[in-house]
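Student: Here is my input, please return the structure:
(2 chains)
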Amino acid sequence: MVETKDTDFRIDIGKDGIAVLTWDMPARSMNVITERVMGELGAFIDRLESDEALTGAIITSAKPAFCAGADIAMLLGAGKRYEEAARSDERAATAALFEDMRSFSNLLRRLETCGKPVVAALNGTALGGGLEIALACHHRICADDRAIKLGLPESKIGLLPGGGGTQRLPRLMGAGDSLKLMLRGGSLDPDRARASGMIDEVVAARSLLKSARAWVESSADPVQPWDKDGFRVPGGTPYSPSGMMTWIAGNALYRKQTLDNYPAQRAIMSCVFEGLQVPIDVGLRIEARYFTSLLRNPVAGNMIRTFFFSVQALAKGARRPGGIAKSRLRKIGVVGAGMMGAGIAYVSAAAGLDVVLLDRDKAAAEKGRALSEKLVRGRIKRGQASEADLKAVLARIEPGGDYGLLKGCDLVIEAVFEDRALKDEIIAKVQAVTGKSVVFASNTSTLPITGLAESSLDPERFIGIHFFSPVHKMGLVEIIRGERTGDEALAVALDYVRAIRKTPIVVNDARGFYASRVVATYIEEGHRMLDEGVPPAMIENAGRLAGMPVGPLALNDEVSLDLSHKIAAAAKADLGADYVATPRERIIEEMVVGRGRFGRKNAKGFYDYNEDGGKRLWPGLEELQPERLDPDTLDVSRLCDRFLAAQALETVRCLEENILEDVREADVGSVLGWGFAPFTGGTLSYIDTMGPARFLALCEDLKADHGARFEPPALLRDMAAGKETFYERYAPPPARAAE
Amino acid sequence: MTDCFIYDHLRTPRGRGKADGSLHEVSTLELASQSLIALRERNDLDTALVDDVVLGCVDPVGEAGSDIARAAVLKADYAQTVAGIQVNRFCASGLDATNLAAAEIMTGQADMAISGGVESLSRVGIGASGGAWPIDPQLAIKAYYTPQGISADLIATKYGFSRDELDAYALESQRRAAQSWSKGYFSNSVIEVRDINGLTLLDHDEHMRPDATMQSLASLKPAFAAMGDQAGFDAVAIQRYPEIEAINHVHHAGNSSGIVDGAGVILLGNAEAGEKAGLRPRAKIRAFANIGTEPSIMLTGPAIVTRKLLKRAGMSVGDIDLFEVNEAFASVVMLMMQELDISHDKVNVAGGAIAMGHPLGATGAMLVGTVLDELERRDLSTALITLCIGAGMGTATIIERV
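Tutor: Residues are numbered from 1 along each chain as shown, chains lettered A, B, ... in the order given. A predicted model of the protein is given here:
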């Protein structure tokens, strides 16, 4: 940076005595709350209080956004300091953390009680601490722009709005509406924000400051409504008749949505509940206590590391080989217009790439393109896209049956059935047109890349790009390096994933790669429980209670049981004498061969699927159980442990076998790829949080009860002995400064 | 330990607990005090002998607040020396009031006491007193709070009671209650509630549906399905009982207890106090117990506390001639019968709350009176009274004729 401004705010004082505080942090594209920001804000409040010439203040920003929130690195730093201090004196460390966490909240309380009217002129998005500053102003005016987001997203990373957000927002919007927003970490556009009571005015961007000034000059009231006698919370306090109904249902809905796995959401509930019964100063103190408790809880740190820092680092190309020029992808080919191929075509076209979508014939390919139309129409309905967008996306997808169309493609991805012979045929047909220089990617989820690459003209330019279903919703892409895959192919694949704005992980080749292999352990654990006689509903609910998005049997139905049957058959053929039959074979064999139940695809699997979209467990499952256990004798938490431990353990094996090379990829892959209990931060963070020694003990215990699949690998024993965590042993390079 | 005897009991009729109910114009105070007056009058009782009045009330707020027992004592012109205390253990309050009053006598700390309970659901309303359990996230979430109707449906789902079975049970309650009324079994225990001029406001239980049939019950819609789905309570119940895929919503207005207004009182005392008052003891309180149970399914307490009580009393199920199990919901009674293997012939023989209604804080005392009358009429000896209770509890009492 050539320019070195030494302040984060600019202060302009008009003849009318109104100070305009313009937030414009040097060397940053976004304003965030740092210690220096708090210092300058504090000094400004001092001046506003003491300088009699000042009649009021306007706070605005010179960046496109108002403020994106607190500097997360600062918060994590506070958490780290606490952790270290707590080792010697936990009580003192907690007290210090509590005081530390109150400083921003105290600052904002001083702002709203300074005696001079302060108005927030929100020129752009205000999130988290940014919105909390605005809430502590006496009046909030926002520019009229639908793209502006106003919200409190803290709960998404395991935190709560600790700058008074849990106190002021319910006092403006009522408990019910504010909770809905804070619990999902959502945001509102300016019009909705005004209708809800979050802000007071929406005006044209050009008259923002004028309106702010006008408010200070005319009606300025420097006392917040909650500091006046007779203040009533919209919708009533918790023990008013209407309030009671809100809370009785709210507690249940909280549990329904979170399964009580998310301490931040739970803390927000209590902050609002307890805070609305007392004056705001007490409420702010209560909020700080809960905020402190969240920083002491590993969930927040794990979620921040995985969902914030690691996702960002991977998306920015942490695993991209150096020294290779950025590939210029303009046109890609997708062969196979089924569900996966159609989804890949859509996300590519939506990101601005031209797509050739091939199938047996043009009609079949057009069916695949229809998915794009359906998805964009959905976005139009929700006000997220226009007819012009639809036209542009469809224009970018050329459906056809002629391989000649692939000429000029910069990358070709095949997404045909998982059939080795078919894939070989496709590879030959594609490369007859593209030659060997164009990178060829397979979207296989089960066939080893190294083997497939042998059929291609140049194994160095052959790679796996494994998408997850549904492609348009899932943020992760698993890139698989075959034994001979070269750096250039990897760079092209990473550049492509970046272009379609998804998060890549890079893994080495082996059966099932990383994601499918680990997910399979979850499904298998479900099969085993079924075989043991656990009630089917309990298996499914335990999966969800453990934090998984769906039960193992439902998941198996989605990926289809006949596929499981085929994979098992293939593994059996490959492994020969080494193959160990499991209860899953017996169950899958009976389901697929004996009962003709293939999963959701034929509306008959572990569930029966109704025409109205609902599903119920197939009552016949009980016939598959040699015995049926009394649920009152079963420990659900043990079932949950089995589900998570099986997956974490398989992840350790993947690391040990060098299928995984980066702990961040293990965690990010697990939470984004198949929704592994997000509150844990991922499969390896799950182990690190309890500590490898305790995890080892859990595995030994599970092995004793449930068999050799819980046998801890040498790597885990080694780490437990050395009291080392995965993030210590495989410390990723330090993240670039977050912005 | 001193024996505690039951000398008399009576109750008001149960009025429909709505604005069109016959007792809606009668205050909680009036329900309780008319009961106390009737008890004094018909026993020609010198109230100076009474040490304490213990009344159960589940929503003791507003007109029912600030110690309704002492208020009723004063309104009924009892001797000034008669104290009053209001107690609350949700639906068992009336039985717990009796147990606590009995405890005062059995330990020799009082000679004579009146127990009972009062509730005007039409005037105060269920849940009017709020409380942390359903509302404070710190408890509601931890305890898997679900409303009782969901808990009752959860019991039916978990233990496999079908809608038809529950409806058949409900129909039998109606039949028994109708028979008890028509044959005059309640004539000695139910008083009239009167207005200030002495005119009768209500002299019978007005919630009963003696003409109900399986068909008419089948037409009633499940009462808790929408609540379970939309407010998330089914999900909460399933998280606590994950062996269940979906809650089978089988309870409705016809197989759940009726919402009614009413009061009931019992005159208790030791032998000397009874002699002094010139009264004949009818039964003695043999034993009682309380227990806490899993709060989310909530209503499984009766069988659990019965086992505890029988063990403490050195008795077995076979020693009990008649059972009163409050008919909060049909599944609660059916679970009790199933768990302890008790024949329906011995349970709620005079009809129960599904037919006559459940005036929350008063019900426990009413059940004691009903079953004592039935013991006498059938010339049997021993009865056990139990109720399911909010937040997962059970209270049970064994009485024995003397």
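Student: contacts and neighbour counts: CA atoms only from here.
Tutor: Will do.
Student: Which elements pack onto the lowest-mean-pLDDT helix or strand in chain A?
Tutor: Least confident helix or strand, chain A: helix A:561-575 with a mean of 79, by mean pLDDT, DSSP states H and E. When contacts are defined as 3 or more Cα pairs under 8 Å, 6 or more residues apart in numbering or on different chains; DSSP states H and E, helix A:561-575 packs onto helix A:583-589.
Student: Other residues contacting the helix it packs on?
Tutor: Helix A:583-589 has contacts (Cα atoms under 8 Å, 6 or more residues apart in numbering or on different chains) with A:Glu524, A:His527, A:Arg528, A:Asp531, A:Leu561, A:Asp562, A:Ser564, A:His565, A:Ala568, A:Leu624.
Student: any idea which element the second one lies in?
Tutor: Which is A:His527. helix A:515-532 (DSSP states H and E).
Student: returning to that earlier point: output the contacts of helix A:583-589 as TSV; include the columns neighbour count.
Tutor: Below are the contacts of helix A:583-589 laid out as TSV (neighbours: other Cα atoms under 10 Å in any protein chain shown):
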residue	neighbour count
A:Glu524	21
A:His527	24
A:Arg528	17
A:Asp531	22
A:Leu561	26
A:Asp562	22
A:Ser564	21
A:His565	20
A:Ala568	18
A:Leu624	15
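Student: what pairs with B:Ala383 across the strands?
Tutor: B:Leu322, B:Ile399 (DSSP bridges).
Student: ok, it - contacts?
Tutor: Counting by Cα under 8 Å, 6+ apart, B:Ala383 touches B:Ile320, B:Asp321, B:Leu322, B:Phe323, B:Glu324, B:Val371, B:Leu372, B:Leu375, B:Ile398, B:Ile399, B:Glu400.
Student: any idea how far the residue of chain A at minimum distance from chain B is from B:Ala362?
Tutor: Going by Cα to the nearest Cα, chain B is nearest to A:Met538 of chain A, at 4.0 Å. Plainly put, A:Met538 is 40 Å away from B:Ala362 if you go by Cα to Cα, to the nearest Å.
Student: cool, and A:Lys566?
Tutor: On the measure of Cα to Cα, A:Lys566 and B:Ala362 end up 66 Å apart.
Student: Those two - which one has more neighbours?
Tutor: Neighbour count, other Cα atoms under 10 Å in any protein chain shown: between A:Lys566 and B:Ala362, B:Ala362 has more, with 33 against 12.
Student: Is the closest residue in space to that one that isn't next to it in sequence inside a helix or a strand, and which specific one?
Tutor: Closest residue in space to B:Ala362, ignoring its immediate chain neighbours: B:Gly117 at 3.8 Å, by Cα to Cα, 6 or more residues apart in numbering or on different chains. Secondary-structure assignment from DSSP H and E places B:Gly117 in strand B:112-120.
Student: counting contacts, what elements does that strand pack onto?
Tutor: With contacts defined as 3+ Cα pairs under 8 Å, 6+ apart, the packing partners of strand B:112-120 are helix B:28-43, strand B:52-56, helix B:93-106, strand B:260-269, helix B:360-378.
Student: Name the spans of chain A whose pLDDT lies under the cut-off.
Tutor: Along chain A, segments meeting pLDDT under 70 span A:1-5, A:734-739.
Student: what does it have sitting close to chain B?
Tutor: Residues of chain A that fall close to chain B, judged by Cα under 8 Å from any Cα of the partner chain: A:238-239, A:244, A:247-253, A:255-256, A:259-260, A:266, A:269-270, A:273, A:535-539, A:541-542, A:545, A:616-617, A:631, A:636.
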